[in-house]
Every structure is written in C-alpha cells, then in structure tokens.
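>>> Here is the input, now give the coordinates:
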Amino acid sequence: MQMKTLLEKSKSIVITGHSVGGALASLTALWLLSYHQTIPTPPKVLCITFGSPLLGNKSLSKSLLRQRWAGNFCHVVLKHDIVPRLLFAPLDSMESHLHFFLQYIQLSMISQFNQLPLHVSQEMKSQLFSFALAYTEAVAKVTNENSVAPGLFWPFGSYLLCSEDGAICVDNSVSVIKLLHLMMATGDPCSGSYLEDHLRYGSCVDKLTFQVLMNKGFIQGDVPMSSYEAGLALSLESSGLANQETVSGQAKDCLKAAKQIGVAPPNLNSARLAITLAKITPHRAQIEWYKTCCDKSDDQLGYYDSFKQRQASKRDNQVNMFRIKLANFWDSVITKIDNNQLPHDFHKRWKFINAAHFYQLLVEPLDIAEYYRSGEQYRKGHYLRNGRERRHEIFSKWWKEKDVVEEESKRSKFASLTQDSCFWARVEEARELVEKVRTERDLRNVALLWEDIEEFERYAREMIENMEVSCDVIASNSSYSLWEKQVRLLRSQVHS
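Numbering: from 1, shown residues only. As a prediction, the model looks like this:
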C-alpha cells in the first residue's frame, strides 16, 4: 500500500542498492515498471546499482529492450570487482568459492575502518580470482548473441565501468562482457583487489566527478584528428586499459563495437524516421481517397468489403501495394526498437504515437480483409488470436499508454475511421457463430453460441450508437449489415 501511494504521488523514483541489494533494487524497479501500466500518469523510474550480481538471462535482456525499459537501469562496476562477474560461472561449480566469498563480504561489512575481518591466504585469493576470470573469459569469447546458452546469466541496461582513471558507459551487452573480462584480466590474483573493490563504491562515487572534471587528457599528448577517435581514446583511458599493452588493443576493438561504428545513433535514427514518415504520407493519403470512394460507391459494400472482394483492377492493386509499403515502414520501426536503435522514449513521442494510431485505424481493416480474403482463417485460425501482426499489438499498447489524456465528448456524426481497428475481425468471428448455430444440434452448445452472438451484438450496437464506427460499417451490403439480417432471420426461425 505504501509503494502504491508513493507511485501515485511521486514524479520520479530512484532506487539504489549495493551488492545483493543491487539485485533487489533491480527487481523492485522491474515491478514498478510493470505496475506502470495500471497508472494513468506513472512516475519516471531509475535504478542505479553498485557491484550488483547479474540478475537474468538473455531473454530478460531482450524483453527489457522490447519494453523500452533498458534505459531505466544503470549498473556501476569497479575495475576488478568480482561480484558482477561471478555468476558467469555455473552455480554447481562455485559452491565452495561462493561460501568463502559470502563469508568474507558479510564480515567485511560489519567490521570498522575496512579492516580485513579474516585472514585470506594468497592461494585462496588466487583460486577465486582465476575461477571467476576463466568463466568470464569463456563468455567474453561469444561473438554471436544467438548462440548463448538459455540459462546463462546476461547483462541488461547500461554499465558504468569505473577505474582509477575515470569511467566509461556501455549499453551493448556483448561489449559489456568483453570489457568486464579485459578489466579484470589486468588485476593481480594475489592482491585481493577484486575483493576489496566490492567494498569501495562509496569512495568511487566521491572521486568520479572530480576525476572527470580535473584529470581528463590524452596520455600520449596527441589529440586525435576526428571526434570519433577522440571519444574512443578518452573511453580507453577512462577504462584504465590504455597503458596495458596486452589488452589495450582488444579493449579498443571492444569499444568500437560498443559505439557501433557505422550505425547511426538513436536520435539520428529517429530524425530519419520522421523524414521517411513524411515521404510515405502520400501512400496513406491514397488509401484515404480509396476509402472515400468505396464509402460513396453505389454498390454499398463499404471500405472493408470492397477491398476484400476487390478485382484485379489497377486502383485495387495500387492500394494493396501502398498497404504493403506502409507495413514495411512500420515493421522497420519495430525492428529498430528491438535492436535498441531508437531513443528510449521513442514510444512516448506524440508524433509517432499519433501517426501509428492513424495508420492502424486506416490500414488494419485492410489487413483483416486480406487475411480472410486469402483464407488464412482456415489454415491458422481467426485473425485476433492467430493472425494479428505484432506491429498492431504494439501500436495498440502505445495508444493505451499515451501520456496525453483526451477529453471524451459525444460525437455528432460517424467517425471517419472505426475506432476499434479490429472491428471487422470481430464481425468475421460473429459470422462464423451464425453458421455454427445453423448446423449445431446440441441445445447446450446452441445456447452458448447465442450468448456469444448477443455479446457481439451489444458491443456493435454500442459502437454505432456512440458513432464510433465509420459509415462503411452500416453500408447496406457490408458484412456487418448482412450479418444483422442473418441474425434477425435466424431469430424469427427459432421463434416460429
């Protein structure tokens, strides 16, 4: 109850945690982000962890990217801290190491002045270091993310990797793992720095700002010619690996991969999409013109049924081509979102929310018409459960979660576009219900079918009374109007 009150009253929430507390902070943030969907104006959530162990596998990492939640997490990791690397090892192979380490950490946290709470032999330090480094190195050699074992722990969100020379921020999971390996590889197995680093995050936070402001410069004294090379050199220096001859080359390659050279940054991708969106607007306008023509046609079929029953005319073929081109554009948007190539708040930008919603109301009826025209319902099942494209599912979610709340007002005329983009899919299912009533012999099944018919009837009637449908729905020869006539006829036969 206290958490719900906090969510309703706060504009932003920051959750932090160290060590295992960092994992708990991440779990709490995930719960808050999931709870977001039930709140009209949810607060912004940011989770910052320090030396947190890994939490989930590759599936969780991908899910967070798809939900646009990865940007809500920042994990701070010191150069040699073993905890963020420890779970790359199989749990059954690390029982003895884990017992020793947890005992050390527990006693360290309750001891004063950072005095070592127990004697740690050089052999024990070396064994634990080599154990963690070996498994981190094995995972770092993975170049194809798709070949990762399903149960393997995997990083998500952004990682702020800190050294005595500064810090670098990386959000590419593969690059994070490679840098975790390279930074740890520069440590001394016998020094115990990987143990002590886990307890030094307080001083790390104090020093970080001062290091960035006062100690930045090029070690070699030569300023690179391009801004890209300058940024790369500063990142390499901040990682503390610039002077490590054995790993500096690998670290530089890793940073290049993390920066995705040759791939446009998210904000630039967003700007380019806005330009492309403007270029495809004429395709949308052509479909709007087609809808107007269908709704005014003497055959009284309406927009949906005209497209479903279309002939091989030039106009019909062009409209279908425009439908496919618009689908390709919006699918490319979803692909960029999945690959983390767009800003984290892209799905909240009104320009794209509005454009996606209008596209969905205009074009999804055509997608439904094509689905039933080609007989896909016989091969896959009905559209709503088995045929709806993922882009439409995502755009429905965007519209439902939009920050702008529209004032409800009673319509004085029918909508230009039916406000339920899946209305015609529901009509197609209702048509099948009528056919089943005609052939069904079991009275109990007949009664259940009539319940479903009446439920759709109430839904459709409410949509029409509220004028939330386009005029094509009530066209005299539309699928819906014909369905209504069939239901009236069926009722009269039942009662006669």
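
>>> Below-threshold pLDDT in the stretch 251-400 of the chain: ranges please.
Applying pLDDT under 70 to the stretch 251-400 of the chain flags residues 258-264.

>>> same thing but at 90, please
For the stretch 251-400 of the chain, the stretches flagged by pLDDT under 90 are 251-269, 311-313, 337-349, 400.

>>> Using the three-state scheme, assign the residue lying closest to S126 once chain neighbours are set aside.
The shortest distance from S126 to any residue other than its chain neighbours is 4.2 Å, reached at P189 (Cβ to Cβ, 6 or more residues apart in numbering). Yep, even glycine has a C-beta here, placed from its N, CA and C like the rest. Classification of P189 using DSSP: H, G, I helix; E, B strand; the rest coil returns coil.

>>> model confidence over whichever strand or helix holds V14, on average?
Per DSSP states H and E, V14 falls inside strand 12-18. Averaging pLDDT along strand 12-18 gives 91.

>>> So what are the sheet partners of it and their directions?
Applying DSSP bridges, strand 12-18 is found paired with strand 44-50 (parallel).

>>> Check which element follows the strand it pairs with along the chain.
strand 56-57.

>>> Show me the contact partners of the helix or strand following that next one.
Following strand 56-57 in sequence order, the next helix or strand is helix 58-66 (DSSP H and E). Contacting residues not belonging to helix 58-66 are listed as 70, 73, 145, 148, 150, 152, 154-157, 173, 337-340 [Cβ atoms under 8 Å, 6 or more residues apart in numbering].

>>> Could you pull up the mean pLDDT of the following helix or strand past helix 58-66?
Counting by DSSP H and E, the next helix or strand C-terminal to helix 58-66 is strand 73-78. Mean per-residue pLDDT for strand 73-78: 94.

>>> helices or strands up against the helix or strand following strand 73-78?
Moving toward the C-terminus from strand 73-78, the next helix or strand (DSSP H and E) is helix 83-86. Judged by 3 or more Cβ pairs under 8 Å, 6 or more residues apart in numbering; DSSP states H and E, helix 83-86 is in contact with helix 122-140, helix 173-185.

>>> which other residues reach the longest one?
Counting by Cβ under 8 Å, 6+ apart, the neighbours of helix 122-140 from elsewhere in the structure are 82, 85-86, 88-90, 94, 97, 100-101, 152, 177-178, 180-182, 184-185, 187, 189-192, 194-195.

>>> And for stretch 288-295?
Applying Cβ under 8 Å, 6+ apart, the external contacts of stretch 288-295 come out as L301, G302, Y303, S306, F307, R315, V319, L362, S470, C471, D472, A475.

>>> The last one against S481, yeah?
Read it as A475. Yes: look at A475 against S481 with Cβ atoms under 8 Å: they come within range, at 6.4 Å.

>>> higher neighbour count, those two?
Higher neighbour count among A475 and S481: A475, with 23 against 18, using other Cβ atoms under 10 Å.

>>> ok, then the element right after the strand holding V14?
As assigned by DSSP H and E, the chain's next helix or strand after strand 12-18 is helix 20-35.

>>> Measure how that next one sits relative to strand 12-18, angle-wise.
150 degrees (axes from the mean of the first three to the mean of the last three Cα atoms, to 10 degrees).

>>> related to what we said a few turns ago, sort out for me which of the contacts of helix 58-66 are in helices.
Judged by DSSP state H, helices contain the following of the contacts of helix 58-66: S173, I337, D338.

>>> Is it correct that the first one is in contact with F156?
It stands for S173. Yes: if you go by Cβ under 8 Å, S173 and F156 touch, sitting 7.0 Å apart.

>>> how about stretch 424-434: buried residues?
W424, A425, R426, V427, E428, E429, A430, R431, L433 (16 or more other Cβ atoms under 10 Å).

>>> Distance from the chain centre to that stretch, please.
33 Å (Cα atoms, centre = their mean, to the nearest Å).

>>> residues of the host helix or strand of Y194 that come out buried?
Secondary structure from DSSP H and E places Y194 in helix 193-196. Going by neighbour count (16+ other Cβ under 10 Å), the buried part of helix 193-196 is S193, Y194, L195.

>>> send the alpha carbons of that helix over as PDB?
Extracted in PDB, the C-alpha atoms of helix 193-196 (Å, rounded to 0.1, in the frame of the first residue of the first chain):
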ATOM      1  CA  SER A 193      41.800  -6.100  -5.100                       C
ATOM      2  CA  TYR A 194      38.800  -7.900  -6.600                       C
ATOM      3  CA  LEU A 195      37.600  -8.500  -3.000                       C
ATOM      4  CA  GLU A 196      38.300  -5.000  -1.800                       C
END
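
>>> Mind listing residues that contact that helix?
Here helix 193-196 makes contact (Cβ under 8 Å, 6+ apart) with 80-82, 101, 104-105, 108, 114, 120, 125, 128-129, 132, 184, 187.
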